[in-house]
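In: only the shape, not the letters, is given here:
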């Protein structure tokens with residue numbers, strides 16, 4: 001469909017039914033994608049804005065507003081989409097709905113009546129509005145100068161004279177107040193529509209009101225072209241001081257009748273329509289391109305215009321302070337969200353709730369009498385049936401949408417005339433805001449937590465929820481709100497199909513994996529834009545998921561070889577006690593963070609734990625696979641799955657079910673913090689951190705000396721620190737030294753004895769051979785528990801038992817080269 005006419009030709013009922021089909025189709029796609037993403041929701045009772053329940057709940061909300069005297073019909077200059085042919089409320093124009101656009105601006109000279117070759121110079125970036133000009137506004141307090149330039153003299157703000165006329169000569173300077181009251185001629189005075197409003201207050205220099213239309217000396221001329229019908233500020237100023245109004249455009253931005261050769265032509269499609277006329281007839285002093293931020297329609301991205309129209313509003317005068325009080329009761333994440341919402345509430349206009357020329361959406365239950373002007377709001381289906389005097393039988397059995405609802409007529413409560421419903425539909429944010437008191441009202445009000453992207457939602461969803469909660473419940477509709485930033489590509493650019501950088505959901509889920517996607521989200525600061533793409537996904541997979549899976553795989557592999565079963569426990573070593581303490585600490589941190597809605601802290605605590613599990617616990621346990629190791633690993637992995645379940649539901653489910661045989665990790669209980677806290681051995685955790693730091697220093701010493709870790713060394717000395725025997729043994733094993741010596745000192749430092757004895761060299765050779773044999777086993781595809789015969793050209797005989805035990809070799813035989821059989 002390209003126009004209203006197309007829809008009307010197709011049939012309104014057919015069109016609305018197609019809209020319903022579209023909702024059903026795409027909601028099914030959204031549901032399937034949400035399930036694939038691991039959402040847990042009540043899918044059998046999904047929330048639809050088109051539902052009868054939702055629509056009638058909004059009727060009730062509007063009825064309460066009407067009963068309080070808050071609903072009114074306004075006549076205002078408002079943002080308007082010429083393609084959608086409907087109003088765009090202040091709430092709908094988001095920051096991201098302003099585009100960097102370049103338009104042709106014009107410096108226009110307006111001859112002052114009864115003054116020879118003396119002009120007012122005005123500047124506008126919207127030349128299409130010039131036929132609607134009725135006044136020139138200035139600031140009476142600032143200086144204006146008359147500048148002689150070429151064949152005329154021009155009044156401009158003194159501060160802008162050099163910028164506009166670098167070579168001009170200032171002949172006079174006055175305060176703006178002295179120019180107030182002057183009359184001027186305009187380029188379109190010959191038009192019928194213009195002549196209809198000509199009078200004493202037409203084409204007049206007026207003093208502005210800084211609160212309604214401030215005058216700037218940063219750009220322009222300091223004299224403001226004022227078109228009451230085509231600008232919000234212009235309209236408000238005109239309304240205050242009684243300026244006339246010239247309506248110039250229709251709903252589609254075509255010029256109206258009465259504008260001569262302009263009539264029927266589109267005001268926005270061809271800016272040169274006006275500019276050529278001004279140039280050809282000597283009105284334009286200068287035309288130049290001007291780059292600025294300009295609003296576009298949030299639906300179709302068409303550039304907006306301003307036009308005067310009758311629309312329906314909810315007055316915010318009485319509601320504003322009530323809502324602001326509720327905002328302060330809500331926990332805002334991040335905290336600056338509270339002030340942003342309050343700032344919006346302080347400065348917002350009344351809520352424009354109507355949409356003209358629309359067919360699908362909430363049918364506003366407003367009945368306006370065309371005879372006496374009285375209007376009222378119907379608050380429920382039952383009330384409408386009771387009030388109906390015609391058309392109920394055509395509506396019964398249908399949803400409260402157009403065209404069926406339009407059939408119902410009521411009697412005017414004031415004059416008794418038959419009244420039809422206004423044809424407008426509602427602002428879509430009415431639909432979104434009612435959820436807390438319609439679908440979710442039963443046992444879920446107020447919501448504990450809501451989350452949405454911050455840009456725009458202060459004006460829209462958060463705002464509409466707050467208004468409806470205030471009106472209907474007198475309290476805040478949610479307790480905590482988390483706002484997050486935007487998703488951008490890996491280079492920080494907005495994703496868009498036309499830019500070739502957009503990732504479709506199915507493609508992304510297939511290539512990246514939804515658990516990886518989820519982990520990318522939760523480990524990022526939600527208040528910063530997330531840079532998303534395949535390279536970052538690969539890094540996330542490598543950094544966290546491969547590490548986790550390798551730990552799990554290692555445990556399962558050796559537990560199966562050992563035929564270990566859950567329940568068997570041994571005496572835990574210091575490593576086991578440490579990792580269990582770290583696990584308890586992680587449970588505590590993760591739980592506390594999630595209770596504060598801090599997913600980043602929670603997930604990063606888990607990631608740090610998995611790193612410790614892999615890089616230290618598993619690393620230092622490779623020579624000690626036994627009952628205590630398996631029991632510890634089992635407890636760690638099953639508990640870890642419970643922590644991971646909200647973040648990465650699929651890998652958590654896979655590992656947990658394989659380990660436990662239970663139905664689902666998502667049916668398991670969350671690890672209890674209280675019982676865990678008693679297990680946390682803070683001193684052991686601190687001591688192990690020191691051990692790892694000492695080992696890092698030792699590895700640095702090895703690197704300085706050019707000694708590989710496989711080469712055993714004699715002695716490692718630690719100054720100003722001492723450890724227990726078990727922790728000391730960890731240092732010996734990690735650094736591959738024969739002894740660790742502790743000495744007093746003023747500061748922590750270490751020394752490494754790098755002298756190699758024949759015995760140490762032989763052991764180093766044996767360790768290198770073990771590595772080579774293990775590589776050969778891997779290349780040959782031998783099972784981990786498979787016994788082999790190893791052939792070697794030579795080896796240190798005193799380490800034969802060491803080599804065979806580490807490689808599962810039954811014997812070593814002499815041969816030309818290394819091989820296994």
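Out: Perfect, thanks for sending it. Remember, it's a predicted structure, so these values are computed and weren't measured experimentally. Residues are numbered from 1 along each chain as shown.
In: domain map for the protein?
Out: Domain ranges of the chain: 1-45, 95-297, 531-680, 687-756, 759-820, per automatic domain parsing.
In: against residue 669, how distant is residue 651?
Out: Distance from residue 651 to residue 669, counting by CB to CB, to the nearest Å: 20 Å. Where you see a C-beta, it was placed from the backbone N, CA and C, and this is true even at glycine.
In: out of the two, which sits in the busier spot?
Out: In this view residue 651 and residue 669 are compared by other CB atoms under 10 Å, and residue 651 has more residues nearby, 21 against 6.
In: quick one: residues contacting the more buried one.
Out: The neighbourhood of residue 651, defined by CB atoms under 8 Å, 6 or more residues apart in numbering, consists of 515, 545, 548-549, 644.
In: right, and residue 161 touches residue 171 too?
Out: No. In this structure residue 161 lies outside contact range of residue 171 using CB atoms under 8 Å: 11.0 Å.
In: now do stretch 344-361, average pLDDT.
Out: In this model, stretch 344-361 carries a mean pLDDT of 92.
In: how about that stretch, which residues are buried there?
Out: Buried residues in stretch 344-361, counting neighbours by 16 or more other CB atoms under 10 Å, are found at 344-345, 348, 350-361.
In: what does stretch 365-376 give?
Out: Judged by neighbour count using 16+ other CB under 10 Å, the buried positions of stretch 365-376 are 365-369, 375-376.
In: centre of the chain to that stretch, how far?
Out: Relative to the centre of its chain, stretch 365-376 is centred 41 Å away, using CA atoms, centre = their mean, to the nearest Å.
In: what are the contacting residues of that stretch?
Out: 59, 62-63, 66, 71, 73, 312, 377-379, 384, 410, 412-415, 417, 419-422, 424.
In: mind giving me the ChimeraX command for buried ones among the residues you listed?
Out: Buried residues among the contacts of stretch 365-376 (16+ other CB under 10 Å), as a ChimeraX selection:
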select :59,62,63,66,71,312,377,378,379,384,410,412,419,420,421,422,424
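In: now, which of the contacts of stretch 365-376 lie within helices?
Out: Secondary structure from DSSP state H places 59, 62-63, 66, 384 of those in helices.
In: and those residues, which two are the farthest apart?
Out: For those, the farthest-apart pair by CB to CB is 66 and 384; their separation is 14.2 Å.
In: output the longest strand belonging to the chain.
Out: Ranked by residue count under DSSP state E, the longest strand found in the chain is strand 98-111.
In: in that one, what counts as buried?
Out: Across strand 98-111, burial judged by 16+ other CB under 10 Å covers 103, 105-111.
In: repeat that for stretch 558-576.
Out: Neighbour counts over stretch 558-576 (16+ other CB under 10 Å) mark 558-559, 564, 572-576 as buried.
In: distance to residue 625, secondary structure and pLDDT added to the residues you listed, as a markdown table?
Out: Formatted as a markdown table, those follow (distance: CB to CB, whole Å; DSSP: H, G, I helix; E, B strand; the rest coil; pLDDT from 0 to 100):
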| residue | distance to residue 625 | secondary structure | pLDDT |
| --- | --- | --- | --- |
| 558 | 5 | helix | 91 |
| 559 | 8 | helix | 93 |
| 564 | 9 | coil | 91 |
| 572 | 14 | coil | 88 |
| 573 | 12 | coil | 92 |
| 574 | 16 | helix | 94 |
| 575 | 12 | helix | 95 |
| 576 | 12 | helix | 95 |
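In: can you count the residues close to residue 5?
Out: For residue 5, the neighbour count with other CB under 10 Å is 9.
In: pick out the residue closest to the middle of the protein.
Out: residue 453 (3.0 Å; CA atoms, centre = their mean).
In: isn't that one right up against residue 484?
Out: Yes. Residue 453 lies in contact with residue 484 (CB under 8 Å); the separation is 5.7 Å.
In: related to what we said a few turns ago, tell me which of residue 161 and residue 171 has more neighbours.
Out: Using other CB under 10 Å, the more surrounded residue of residue 161 and residue 171 is residue 161, with 23 against 10.
In: quick one, phi/psi of that one?
Out: Per-residue torsions, residue 161: phi -60, psi -50 (degrees, to the nearest 10).
In: against residue 184, how distant is it?
Out: With distances taken as CB to CB, residue 161 is found 20 Å from residue 184.
In: now the helices for the stretch 251-400 of the chain?
Out: Along the stretch 251-400 of the chain, counting by DSSP state H, counting those that start in this stretch, helices occupy 272-280, 319-327, 336-347, 381-387, 392-395.
In: and the strands in the stretch 401-550 of the chain, which stretches?
Out: Per DSSP state E, counting those that start in this stretch, the stretch 401-550 of the chain carries strands over the ranges 409-411, 418-420, 425-426, 447-453, 478-484, 487-489, 530-532.
In: cool, thanks, signing off.
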